[in-house]
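[1] pasted the sequence and its predicted model underneath.
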Amino acid sequence: MSGTMEQNLDMRGMDAREVRARIRENEYAGPTGGLAAGFAQANLVVLPGEYAFDFLKFCVRNPKPCPVLEVTEAGSPEPVVTAPGADLRTDVSRYRVYEHGEMVEEPKDLLHRWQEDLVAFLIGCSFTFEAALIAAGLRIPHVEQDRNVPMYVTGKECLPSGPFAGPMVVSMRPYKPEEIPLVVSASGRYPAMHGAPVHVGDPEALGIRDLYEPEFGEPVEIEEDQLPVFWACGVTPQAVAMQAKPPLVITHSPGHMFITDRRHSEYEV
């Protein structure tokens with residue numbers, strides 16, 4: 001077993017604070033899937049304060065792809081609701097920084113980038129409902145195939161807010177028809193983490209032409225007896241924020257989520 005795999009297995013059993021401490025001290029810089037098992041992870045979007053209210057309205061108007069877990073006070077990097085004492089400038093293993101819609105760097109911390117007017121948004125992540133699917137005895141195809149989940153830009157427009165507008169992005173996982181009721185009920189218990197699927201079956205109904213050419217992530221094999229199942233995806237607010245091209249947008253790097261102190265069960269309804 002490689003040192004990286006051993007480290008990942010070791011960190012899987014840690015609690016969220018221990019993993020964040022490793023990340024903060026630059027002892028871990030990899031993806032966070034599977035780490036701090038049982039703790040919810042979140043997408044991160046950071047914007048200048050003048051854009052924050054319009055972005056919040058966008059999220060409220062589009063709750064399936066943009067379920068807001070927390071909004072920080074302007075200038076404060078501490079998520080006091082989901083992880084008191086944490087620091088969003090240092091506790092994500094890799095970030096992406098965009099200026100006017102163009103990515104300019106992918107740093108390990110934001111200490112050199114933080115401004116007093118910045119507002120951070122933490123948005124629900126599919127890792128929680130994937131844990132529920134596994135607990136229900138269902139497979140996660142992209143995990144089994146060692147790939148990133150495929151994500152597609154749809155033809156379904158989100159409700160706009162100020163400069164923020166654009167299509168919904170969805171993720172896809174294939175399942176057999178007889179599995180779909182369980183898939184829907186298991187994921188539907190977590191509306192703060194995208195909840196139940198938004199569509200099952202024909203991808204063209206969403207404006208998706210080719211399942212093997214996702215805009216983000218990697219394609220997965222779909223067996224003849226499986227149907228594609230689509231969920232609203234947290235890439236949506238990131239894509240929309242970048243399309244608006246404000247002077248500065250900061251997000252987590254794909255797969256490098258923020259690990260909260262909240263357990264999956266706290267978001268179950």
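    Everything's here; your move. Numbers count the residues shown, from 1 in each chain.

[2] just say helix, strand or coil for the nearest residue to residue 213 once chain neighbours are set aside.
    Closest residue to residue 213 apart from its sequence neighbours, by C-beta to C-beta, 6 or more residues apart in numbering: residue 219 at 7.1 Å. Heads up, the C-betas are built off the backbone N, CA and C, glycines and all. Residue 219 carries the three-state label coil when classified by DSSP: H, G, I helix; E, B strand; the rest coil.

[3] was I right to think residue 219 contacts residue 174?
    No. Residue 219 lies out of contact with residue 174 (C-beta atoms under 8 Å); the separation is 10.8 Å.

[4] who has more neighbours, these two?
    Ranked by neighbour count (other C-beta atoms under 10 Å), residue 219 and residue 174 place residue 174 first, with 19 against 16.

[5] any idea how far residue 146 is from the more buried one?
    Computed as C-beta to C-beta, to the nearest Å, the residue 174 to residue 146 distance reads 16 Å.

[6] same check, this time on residue 94
    For residue 94, the distance to residue 146 - C-beta to C-beta - is 20 Å.

[7] so between these two, which is more surrounded?
    Between residue 94 and residue 146, counting by other C-beta under 10 Å, residue 94 is the more crowded of the two (18 against 7).

[8] quick one, what contacts the more buried one?
    When contacts are counted by C-beta atoms under 8 Å, 6 or more residues apart in numbering, residue 94 touches 29, 106, 107, 108, 252, 253, 256.

[9] contacts only, for the residue nearest to residue 213.
    Per C-beta under 8 Å, 6+ apart, neighbours of residue 219: 147, 150, 211, 212, 213.

[10] would you show me how to pick out the buried ones of those residues in PyMOL?
    Per 16 or more other C-beta atoms under 10 Å, the buried members of the contacts of residue 219 correspond to this PyMOL selection:
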select buried, resi 150
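
[11] return the member of the contacts of residue 219 nearest to residue 121.
    Ranked by distance to residue 121 (C-beta to C-beta), those are led by residue 150 at 24.4 Å.

[12] OK, contacts around the closest one?
    142, 171, 172, 211, 214, 216, 217, 218, 219, 220.

[13] against residue 16, how distant is the fourth one?
    Counting by C-beta to C-beta, the gap between residue 211 and residue 16 amounts to 34 Å.

[14] and what of the third one?
    As for residue 172, its distance to residue 16 is 28 Å (criterion: C-beta to C-beta).

[15] who has more neighbours, these two?
    Higher neighbour count among residue 172 and residue 16: residue 172, with 26 against 23, using other C-beta under 10 Å.

[16] which SS class is that one?
    Under three-state DSSP, residue 172 falls in the strand class.

[17] ok, it to residue 24 distance?
    From residue 172 to residue 24 the distance is 34 Å (C-beta to C-beta).

[18] ok, now residue 90?
    From residue 90 to residue 24 the distance is 5 Å (C-beta to C-beta).
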